[in-house]
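Q: take this sequence and fold it.
(one chain, ligands or ions: 1)
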Amino acid sequence: MHMRVMGNSAPARLLVGLLLTCAIAGCARKDAQPSTPAASVNVIPEPREVTRTEGAFTVTADTKIVANDDPQSAQIVQYFTDLLQRTRGLQLSSADAQSSDDVIEFRLEAGGSAPEAEDYSLVVSPRRVVVSSGSSRGLFHGAVTLWQLLTADPAASKAIAVPAVTIHDSPRFRWRGLMLDSARHYQSPQFVKQFIDWMALHKLNVLHWHLTDDQAWRLEIRKYPKLTQIGAWRVPAGAAAAADIDPATGKPRLYGGFYSQDDVRDIVAYAAQRYITIVPEIETPGHASAAVAAYPQLGVTGKSGPVPADWGIYDTLYNVDDSTFAFLEDVLTEVMELFPGQYIHMGGDEAVKDQWHDSPKVQAQMRKLGIKDEHALQSYFVQRIGRFLAAHDRKLIGWDEILEGGLAPDATVMSWRGLEGAEAAAKAGHDTVLSPWPTLYFDNRQIDDDQPGRGRLITVEDVYRFDPAPASIPVEQRAHILGLQANLWAEHMRSEARVEYMAFPRAAALAEVAWSPAAKIDWPDFEKRLPAQLARYDMLGIRHAPLAVSSDLAQVSATSRTSHQLELCTDKLPLSLEDDAPLTGKRAVFMVDVMEPCWIWRGAQLTGIDAIQASVGQVPFNFQIGKDVNSIPLPPPQTAAGELDVFLDSCAGTRIASMPLAPALGNPEITALPAADIESPGGSHDLCFVFTRRSVDPIWTVDRVQLVGR
Ligand code: ACM
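A: Model prediction:
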């Protein structure tokens, strides 16, 4: 997302077989062991069918690997041995196929299944491990499962005992995705590859790559070099950015980056070796500001300007001239050369129609085409692109707004505004991917800490409890649910470490819900497997979030509260916010509802208290929210710079303190305001903290408030 301001019901424009049997896999072996059914192994996602047998297989440096003599098998063996070496320090070598004992065998069944088949079997017996599949894709998944078995006990080292087990596995859904927003903040090609690697270790198989938006165009297009020469660079927001002048230009240093076509080919090949499909997104007809900044003739107004740096929803749209469709077709031609997958994402979300509505030229074009309104024009736009893609054997997927005004015949709907889009799509016979706000929006915080992100708390458990077969979609239409996807919108992920922190471990919950059969979804069991998963993350160097808030953060003092420990008065656009300055170093993070900066301290103990002290900060109001900006309350100030007012019992109660903001004016960092004396009523009272101000910018915010006693 780009932006969501109100509750879930707000309208869009306001919303800132088993192909391999036991016999093949080895369980008919003469030395097959008695089995114990219904066992769990420490693997995420939980396999479809797990049967424990007796004994164990011990992997040591002497264990040999055997595999078929084909390039895919060789690649999988290489992948597995590298991973094991990297994470366990065990270097296994290959042996010829005659070896029988102390062997891990990767067996690609001759004349096997279709390339898209994902099922595999894994049989661990005391003398041998056999991973088998009819497809190299399935064999890869089996290798990942085996690696997980070998990392289930982080303490084991030179000899890793794996309890004997027979696993038959296949996924519940074929689309198990994560969306990476590389437009709002840029991640390096090296990072994108690492991220792909980590996805593969979760059996996640679709990387939806958000490559263009208002704030950047990140994909090199040979025919239109300005898309990245101009479109990939923006000023960072905020006062600190304005002060960071690049001596070469005398202007604020620009933030950005892009992916060359060589980068993309390398990333796509890397993903293919991990059986991950990349679905590129080229946003249309809105979120087009960076493209229009590069080529103003693509826009409606003809005005040119720099790539914008605010978050939210701009009203910039592509125009509907034939030359603009020719541009998009040229772009898509290069996109299709680079990305071999079936789906191309064309965006479609949050296209505010004002520019089309206000343009005499667009209105005249609509009349000529017999198009009745702007929604129908968006539908025309999407269908025209959809036909172009279909003519090239590709499929259009878009955010659920593409349903408005009529859907292109083969379009697939990514349902983000809840599940209504998925319901409508499935009912109309279209495929759909479930990606609803807020549960699958991984820009929301995952633990109640003081790290940046959207203010809502979406825990690993919330993600795990997401139902991918909702009752609102009739059983007979559920075949249209291709799967699910979580989105890493990156406005509040300034660094690659932030992306990792927001993605993991929630990606593990997503992976299990998307892969494991419904009957195996079991939170308490998953929770028991999580510590081993976090240990795997540590082995891999993933900078994941912890499972709980650290004890020093969780502890609340009787006399002081940080913005994260206070309650917000409203739930309009709550953010745990650090600004987007370019300067290095740690920044303050504030919990604030940017639509109404107001906090409540529940049950403050005022007995013996005679003053309140506050430290405050300010962040730029860099949110494009259209006319909603007029609904932001501006309590009138008493002094030139405004005040932080404190009210007793409720925000409509008696004002007991008013702290002038003059000392903080112009200081982009935290300012400790002088303490304000209060007449304490004694006892326990709610306190409400509100800033008076004349303008929405800057957003004044509480950093910490403290009660001072005698
Ligand atoms: C979206 O969050 N605007 C798809």
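Q: which residues of the stretch 451-600 of the chain lie near the ligand?
A: Residues of the stretch 451-600 of the chain lying close to the ligand (Cβ under 6 Å from any ligand atom): none. Every residue, glycine included, has its C-beta placed from N, CA and C.
Q: point out where the stretch 451-600 of the chain drops to low pLDDT.
A: Along the stretch 451-600 of the chain, the model assigns pLDDT under 70 to residues 581-583.
Q: quick one: the helices in it?
A: Here the stretch 451-600 of the chain has its helices, by DSSP state H, counting those that start in this stretch, at 460-464, 496-503, 506-515, 523-540, 551-554.
Q: got a list of what the nearest residue to Glu420 once chain neighbours are set aside touches?
A: Distances taken as Cβ to Cβ, 6 or more residues apart in numbering place Asp400 nearest to Glu420, at 7.3 Å, with adjacent residues excluded. Residues touching Asp400, when contacts are defined by Cβ atoms under 8 Å, 6 or more residues apart in numbering, comprise Asp349, Val413, Met414, Ser415, Trp416, Arg417, Glu420, Gly421, Ala422, Ala424, Ala425.
Q: do you know how far Asp400 is from the ligand?
A: 8 Å (Cβ to the nearest ligand atom, to the nearest Å).
Q: just the pLDDT for that residue.
A: Looking at Asp400, its pLDDT stands at 95.
Q: just want the phi and psi numbers for it.
A: With angles defined as degrees, to the nearest 10, Asp400 shows backbone torsions of phi -60, psi -20.
Q: Ala294 now?
A: Per-residue torsions, Ala294: phi -80, psi -40 (degrees, to the nearest 10).
Q: quick check: it touching Tyr224?
A: Yes: the pair formed by Ala294 and Tyr224 meets the contact definition of Cβ atoms under 8 Å, at 7.3 Å.
Q: the spatially closest residue to Gln273 that is not a sequence neighbour sits in which helix or strand?
A: Using Cβ to Cβ, 6+ apart and skipping residues adjacent in sequence, the residue nearest Gln273 is Gln75, 6.0 Å away. Secondary-structure assignment from DSSP states H and E places Gln75 in helix 71-88.
Q: got it, and Asp262?
A: Using DSSP H and E, the element containing Asp262 is helix 261-273.
Q: quick one: contacts of that helix?
A: Contacts of helix 261-273 from elsewhere in the structure, counted by Cβ under 8 Å, 6+ apart, are 75, 79, 189, 192-193, 196-197, 207, 219-220, 222, 259, 277-278, 334, 338-340.
Q: of these, just the buried ones, ChimeraX syntax please.
A: To isolate the buried members of those in ChimeraX, using 16 or more other Cβ atoms under 10 Å:
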select :75,79,189,192,193,196,197,207,219,220,259,277,278,334,338,339
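Q: mind checking which of the contacts of helix 261-273 are in strands?
A: Assigned to strands by DSSP state E, the following of these qualify: Leu207, Thr277, Ile278.
Q: hang on, the second one packs against Val206?
A: Yes: the pair Thr277 and Val206 qualifies as a contact (Cβ under 8 Å) at a distance of 5.5 Å.
Q: what helices and strands are in contact with the strand or helix carrying Ala161?
A: Secondary-structure assignment from DSSP H and E places Ala161 in strand 160-169. Using 3 or more Cβ pairs under 8 Å, 6 or more residues apart in numbering; DSSP states H and E as the contact criterion, the elements in contact with strand 160-169 are helix 22-25, strand 49-59, strand 120-125, helix 136-150.
Q: next structured bit after that strand?
A: Tracing the chain past strand 160-169, the next element assigned as helix or strand by DSSP H and E is strand 175-181.
Q: pick out the residue of the stretch 251-400 of the chain closest to the ligand.
A: Going by Cβ to the nearest ligand atom, the ligand is nearest to Asp349 of the stretch 251-400 of the chain, at 3.9 Å.
Q: neighbours of that residue, how many?
A: 20 (other Cβ atoms under 10 Å).
Q: specify the beta-bridge partners of the residue found closest to it once you drop the neighbours it is linked to in the chain.
A: Counting by Cβ to Cβ, 6+ apart, Trp399 is the residue found nearest to Asp349 once chain neighbours are left out, at 3.6 Å. Beta-bridge partners recorded for Trp399 (DSSP bridges): Met414.
Q: about what we covered before: quick one: closest of the helices of the stretch 451-600 of the chain to Ala114.
A: With distances scored as Cβ to Cβ, the stretch of the helices of the stretch 451-600 of the chain nearest to Ala114 is helix 506-515 (18.6 Å).
Q: and the angle for that closest one with strand 175-181?
A: 150 degrees (axes from the mean of the first three to the mean of the last three Cα atoms, to 10 degrees).
Q: what bridges to the spatially most central residue of the chain?
A: For the chain, the residue lying nearest the average C-alpha position, counting by Cα atoms, centre = their mean, turns out to be Leu488 (1.6 Å). In this structure, Leu488 has the following beta-bridge partners (DSSP bridges): Leu180.
Q: got a list of what it touches?
A: Leu488 sits next to Leu178, Met179, Leu180, Asp181, Phe442, Asp443, Val499, Met502, Ala503 when contact means Cβ under 8 Å, 6+ apart.
Q: please report how far the fourth one lies from the ligand.
A: Pointing back at Asp181 there. 10 Å.
Q: picking that back up, now find how far off-centre the helix holding Asp262 is within its chain.
A: Helix 261-273 sits 21 Å away from the centroid of its parent chain (Cα atoms, centre = their mean, to the nearest Å).
Q: buried sites along that helix?
A: Of the residues in helix 261-273, Asp263, Val264, Asp266, Ile267, Val268, Tyr270, Ala271, Gln273 count as buried by neighbour count, 16+ other Cβ under 10 Å.
Q: re earlier: what's the closest of the contacts of Asp400 to Thr166?
A: Distance to Thr166, by Cβ to Cβ, is smallest for Ala422 among the contacts of Asp400, at 36.0 Å.
Q: does the ligand have contacts with the helix or strand that contains that closest one?
A: Ala422 is part of helix 420-427 when elements are defined by DSSP H and E. No: if you take Cβ under 6 Å from any ligand atom as the test, helix 420-427 misses the ligand, and the best it gets is 10.1 Å.
Q: and that helix, what's buried?
A: Of the residues in helix 420-427, those buried (16+ other Cβ under 10 Å) are Gly421, Ala422, Glu423, Ala424, Ala425, Ala426.
Q: now pLDDT too, for these, in TSV please.
A: Conversion of the buried residues of helix 420-427 to TSV gives the following (pLDDT from 0 to 100):
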residue	pLDDT
Gly421	96
Ala422	97
Glu423	97
Ala424	96
Ala425	96
Ala426	96
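Q: among the residues you listed, which one lies nearest to Pro633?
A: Checking the buried residues of helix 420-427 against Pro633 with Cβ to Cβ, the nearest one is Gly421 at 32.5 Å.
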